[in-house]
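> My questions concern the predicted model and sequence given below.
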Amino acid sequence: QVQLVESGGGLVQAGGSLRLSCAASGSIFSINIMGWYRQAPGKQRELVATITSGITSSGVTNYADSVKGRFTISRENAKNTVYLQMNSLKPEDTAVYYCNVVLVIQRQDYWGQGTQVTVSS
């Protein structure tokens, strides 16, 4: 089992910044993908960014087009923690942000409880 604890959400004005953190504990295996997804009211959950670990090209990142150039995903493997630095925030970034971990070989994935990000115009 894997537990994910997110932090760092909140209310910010457009153009501002926030940093989300997600700490994973439990049976974390070295080959995994950590990432962030978001869900706005009335919309489906969507990918924000992911980052690999322990795979051939470890540290490979992937971003949604809507956040490229504004958001940066990073991780500290020693702490099993993933971060999402969000800059130049827009009102359309308002959503509940969820942390996700995929254990590739075990074919398991886990979700955090979500953290609210609200960007006012």
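Looks like it arrived, so ask away. Residues are numbered from 1 along each chain as shown.

> Name the residue closest to the centre of the chain, please.
For the chain, the residue nearest the mean C-alpha position is residue 36 (2.3 Å; C-alpha atoms, centre = their mean).

> any idea how far residue 54 is from the closest residue to it other than its chain neighbours?
Distances taken as C-beta to C-beta, 6 or more residues apart in numbering put residue 48 closest to residue 36, at 4.3 Å, once the chain neighbours are dropped. Heads up, the C-betas are built off the backbone N, CA and C, glycines and all. In this view, residue 48 and residue 54 are 21 Å apart by C-beta to C-beta, to the nearest Å.

> Around the closest residue to residue 17 other than its chain neighbours, how many other residues sit close by?
Closest residue to residue 17 apart from its sequence neighbours, by C-beta to C-beta, 6+ apart: residue 87 at 4.7 Å. The tally of other residues near residue 87 (other C-beta atoms under 10 Å) stands at 14.

> ok, residue 87 - contacts?
If you count contacts by C-beta atoms under 8 Å, 6 or more residues apart in numbering, residue 87 has them with 17, 70-72.

> Out of those residues, the closest to residue 113 would be?
For the contacts of residue 87, the minimum distance to residue 113 (C-beta to C-beta) is 20.6 Å, reached by residue 71.
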